[in-house]
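Chemist: Below: sequence and its predicted model.
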Amino acid sequence: MAGIKTATGEYIDDSWELSVFVEDLGPQADPVPLRVSGSMHIGGVMLQIVDKLKLQRDWSDHALWWEQKKMWLLNTHWSLDKYGVLADARLLYTPQHKPVRLSLPNQCVVRIRANFARPVFSAVIDICRVLGIRHPEELSLLRAPVEKDKRKQKEKEGTATQTYDLTGVRLPTNAEQQLFRGMPAHFSDSANTEACYRMLSVSQTGLTPEQILRMHRPGSLVEKTQINSRWLDSSRTLLQQDIKENDHLWLRFKYYSFFDLEPKYDAVRINQLYEQARWAVLLEETDCTEEEMVVFAALQYRINQLSLNTNPADHAGDSGLDDLDAALATLEVKLEGKSTTLNVLDSLTAIPELKDYLRILRPRKLTLKGYKQYWVTFKETSISYYKSPEEALGEPVQQLNLKGCEVVPDVNISGQKFCIKLLVPSPDGMSELHLRCADEQQYAHWMAGCRLAAKGKTMADASYQAEVQNILSFLQLQRANPDAPLAPEAEGAQWLVSPRYQKKFKPKQLTPRILEAYQNVAQLSLTDAKMKFIQAWQSLPDFGISYFVVRFKGSRKDEILGIANNRLIRIDLAVGDVVKTWRYSNMRQWNVNWDIRQVAIEFDEHINVAFSCISASCKIVHEYIGGYIFLSTRTAESAQELKEDLFHKLTGGHEAL
């Protein structure tokens, strides 16, 4: 529509001139002048641009970006008036998909096309489809850290790793991934994409001392909060957050709630999760004991051995036989259904209890008292202890309900120390109790019961026996195995532990210990070894806690807020002690006052908590809480259908826009 002119050349209709910059013409190119009216729809404007340019190319991915408003004009049937576009608007006609450089959890870099016009949550879903990662809702994008030291920046540029290019990958239209030769079909197009799939699904074994020493290691809780300030807002687009073409971003697992890890379909996901866990241990982001670190090193050594000659196609196995085995197993369960039903009925009528002698310590300031033996009973979610079994019919010395408590392991295999630290919420803060068990079996049963009780579950829950076996398995990994044959000499094995232990022990001391622990994992397959590493990582007390510096309402000092997959933790900034714990299951509602940037949460029993965020925006904190609640709604039936609207509703996306 060019408008109607008079004889003098003036327009007599309501049309006006709009200038649009076209990114494909280059940054120095003049804008394209258009004659438009307020009633013209966005699709008509884009059609005018293409007609004026007269360039034969595919414009289907292009859209209009309004720079002043930081807004995409994606509703092509909306008019300029409806969007509020006037003559002074600076519009850019640009592709919606642009390449970015992604640093993966295994420290490798891929160049990949990302959607700059959809929220980051949707962009990550598309990226994970290309990479072959299921359950993309567990991951998100961070800004790469800015290197302030120019000398260090030059060193990093000089030792830059290879960048794998996936910008040419085009996915099939159907949502389900098709496998070909054991890998997603789009990775079998060329030798380059096959090499990229190997990088994604097989562990990187060429770890050097320089890599570990060059990377930043958080030295305090405050330093651990810094990474969480770099998360991108999941409800806004990349361009709205000033991300440009070819910018460097990090892709990481953001939410530590891993649903349905299946080796048959999750080769890339399991490997990248293992790599994130591995670096969390090596860089001391997650604390662990000396014995646990040796176990992690032994598992890495086993994984490195198997990764050297591994074909990614081996992960898939014979899917036909797998399906047949699964069908036969299902049939066997159905044929034996009577005994299973009886077991279920038994578990419903009788909740298991634990009764035994344990040594107990109640830590108090200015006291030299040690552990003292008591008769302890564990029923449902409560622990009670008495001076003797005969007094168990009367009043206990103390009774604690463990729902919502912190359960911290304190184990030293060589010293035969099997302790459980319980931090139980109370009106005065946290009530601390230490339980010391006699052996591994007793520890595993009581520890499993405490972990379930902290979640509000009893020992009648189906996961109790599995939890006991997981604890025993992890303890077995830490135990020396003198009867096993000696492993081959491991050159450079000392680099499989964190720098703190490298400084504490000489290589001649450390290597034999790693090789000794290796005997317990020498028979594991590659996938099993990675899964063992991930499970051991999940068993650590500090696992899955994201830290933020906050100021609680009514407090005069900064404190740390820890956000985990099932609870919020208030931590004293000065000494690192847990002050209070709140479970999501007790949460009634939460909201954000965007004007004063304060998060307010209401729990059961009229408990109200409010805090302002200091180390990161309150939107990120709000998103963490809502994200974990969103992930808790996943089931086997609904896991394949991501409810993006529900995610944005829970994470405050509608408030942030």
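Modeler: Everything's here; your move.
Chemist: any idea how far C618 is from Q589?
Modeler: 16 Å (CB to CB, to the nearest Å). Just so you know, the C-beta spots here come from the backbone N, C-alpha and C atoms, and that holds for glycine as well.
Chemist: which one of these two has more residues nearby?
Modeler: C618 (22 against 8; other CB atoms under 10 Å).
Chemist: Let me see the contact set for that one.
Modeler: V592, W594, R597, Q598, V599, S612 (CB atoms under 8 Å, 6 or more residues apart in numbering).
Chemist: switch to 10 Å and redo it
Modeler: Contact analysis of C618 by CB atoms under 10 Å, 6 or more residues apart in numbering lists 548, 550, 592-594, 596-599, 611-612, 652, 656.
Chemist: Can you check the pLDDT for it?
Modeler: Turning to C618, the model gives it a pLDDT of 91.
Chemist: domain ranges for this structure?
Modeler: Domain segmentation of the chain under automatic domain parsing yields 16-95, 98-288+298-319, 349-530, 546-656.
Chemist: Output the ones you listed as JSON lines; include the columns distance to W537.
Modeler: Shown next, in JSON lines, are the domains of the chain (distance: least, CB to CB, whole Å):
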{"stretch": "domain 16-95", "distance to W537": "39"}
{"stretch": "domain 98-288+298-319", "distance to W537": "4"}
{"stretch": "domain 349-530", "distance to W537": "10"}
{"stretch": "domain 546-656", "distance to W537": "14"}
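Chemist: Nearest to S539, out of those domains?
Modeler: S539 sits nearest to domain 349-530 of all the domains of the chain, at 5.5 Å, using CB to CB.
Chemist: Determine how far the closest one lies from the middle of the whole chain.
Modeler: What separates the centre of domain 349-530 from the centre of its chain is 25 Å, taken as CA atoms, centre = their mean, to the nearest Å.
Chemist: Test my guess that D14 contacts A87.
Modeler: No: using CB atoms under 10 Å, D14 is not in contact with A87, being 12.0 Å away.
Chemist: what is in contact with these two at once?
Modeler: Counting by CB under 10 Å, 6+ apart, the residues touching both D14 and A87 are V36.
Chemist: thinking again about what came up before, so which of the contacts of C618 wins on neighbours?
Modeler: V550 (26 neighbours).
Chemist: For the stretch of helix or strand that one belongs to, what does the pLDDT average out to?
Modeler: Per DSSP states H and E: V550 is located in strand 546-552. Per-region confidence: strand 546-552 scores 95 on mean pLDDT.
Chemist: Where in this structure is the helix or strand with the lowest mean pLDDT?
Modeler: helix 337-349 (a mean of 44; mean pLDDT, DSSP states H and E).
Chemist: helices or strands up against the helix or strand following that helix?
Modeler: For helix 337-349, the following helix or strand on the C-terminal side (DSSP H and E) is strand 353-361. Applying 3 or more CB pairs under 10 Å, 6 or more residues apart in numbering; DSSP states H and E, we find strand 353-361 packed against strand 372-379, strand 382-386, strand 417-426, strand 429-437, helix 440-454.
Chemist: Can you give the strand pairings for the fourth one, parallel or anti for each?
Modeler: Read it as strand 429-437. Its sheet considered, strand 429-437 pairs with strand 353-361 (antiparallel), strand 417-426 (antiparallel) by DSSP bridges.
Chemist: Make a markdown table from those strands and add distance to I607 and mean pLDDT to it.
Modeler: What follows is the strands paired with strand 429-437, written out as a markdown table (distance: least, CB to CB, whole Å; pLDDT from 0 to 100):
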| stretch | distance to I607 | mean pLDDT |
| --- | --- | --- |
| strand 353-361 | 28 | 92 |
| strand 417-426 | 10 | 87 |
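Chemist: Just name the most buried of those strands.
Modeler: Per residue and on average, the most neighbours among those fall to strand 417-426, with a mean of 19 (mean count of other CB atoms under 10 Å).
Chemist: picking up where we left off before, tell me which of the domains of the chain lies nearest to Q538.
Modeler: Of the domains of the chain, the one closest to Q538 (CB to CB) turns out to be domain 98-288+298-319, at 7.9 Å.
Chemist: Can you tell me which helices and strands the helix or strand hosting I303 packs against?
Modeler: When elements are assigned from DSSP H and E, I303 belongs to helix 290-307. Packing partners of helix 290-307 (3+ CB pairs under 10 Å, 6+ apart): helix 267-282, strand 406-412, helix 464-478, helix 499-504, helix 507-518, helix 526-538.
Chemist: can you put those in a markdown table and add mean pLDDT, distance to L141 and mean neighbour count?
Modeler: Compiled in a markdown table, these are given as follows (pLDDT from 0 to 100; distance: least, CB to CB, whole Å; neighbours: other CB atoms under 10 Å):
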| stretch | mean pLDDT | distance to L141 | mean neighbour count |
| --- | --- | --- | --- |
| helix 267-282 | 94 | 14 | 23 |
| strand 406-412 | 87 | 31 | 18 |
| helix 464-478 | 87 | 32 | 18 |
| helix 499-504 | 86 | 28 | 14 |
| helix 507-518 | 86 | 35 | 18 |
| helix 526-538 | 93 | 22 | 21 |
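Chemist: for the ones you listed, which one sits closest to C450?
Modeler: Comparing the helices and strands packed on helix 290-307 by CB to CB, strand 406-412 comes nearest, at 4.7 Å.
Chemist: What strands line up against that closest one, and which way round?
Modeler: strand 417-426 (antiparallel).
Chemist: could you check the angle helix 440-454 makes with the strand it pairs with?
Modeler: 20 degrees (axes from the mean of the first three to the mean of the last three CA atoms, to 10 degrees).
Chemist: The strand holding V550: how far from the chain's middle?
Modeler: 18 Å.
Chemist: about what we covered before: including distance to R362, could the helices and strands packed on helix 290-307 go into JSON lines?
Modeler: Formatted as JSON lines, these follow (distance: least, CB to CB, whole Å):
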{"stretch": "helix 267-282", "distance to R362": "32"}
{"stretch": "strand 406-412", "distance to R362": "15"}
{"stretch": "helix 464-478", "distance to R362": "24"}
{"stretch": "helix 499-504", "distance to R362": "31"}
{"stretch": "helix 507-518", "distance to R362": "35"}
{"stretch": "helix 526-538", "distance to R362": "29"}
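Chemist: sorry, back to before: helices and strands around the strand holding V550, which ones?
Modeler: For strand 546-552, the packing partners by 3+ CB pairs under 10 Å, 6+ apart come out as helix 221-224, strand 559-563, strand 567-571, strand 598-603, strand 607-613, helix 618-631.
Chemist: can you redo these as TSV with distance to C437?
Modeler: Below are those laid out as TSV (distance: least, CB to CB, whole Å):
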stretch	distance to C437
helix 221-224	30
strand 559-563	27
strand 567-571	24
strand 598-603	32
strand 607-613	33
helix 618-631	31
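Chemist: which one of the ones you listed lies closest to T310?
Modeler: Across those, T310 has its closest neighbour in helix 618-631 (30.8 Å, CB to CB).
Chemist: roughly how far apart are C108 and E275?
Modeler: Applying CB to CB, the value for C108 to E275 is 9 Å.
Chemist: Check R556 too.
Modeler: 42 Å.
Chemist: where are the low-confidence patches of the stretch 51-200 of the chain?
Modeler: Scanning the stretch 51-200 of the chain for pLDDT under 70 picks out 148-161, 172-183, 185, 188-191.
Chemist: any low-confidence regions in the stretch 251-400 of the chain?
Modeler: For the stretch 251-400 of the chain, applying pLDDT under 70 flags the ranges 312-350, 365-368.
Chemist: cool, and the stretch 501-650 of the chain?
Modeler: Ranges of the stretch 501-650 of the chain meeting pLDDT under 70: 637-642.
Chemist: Nothing else from me, thank you.
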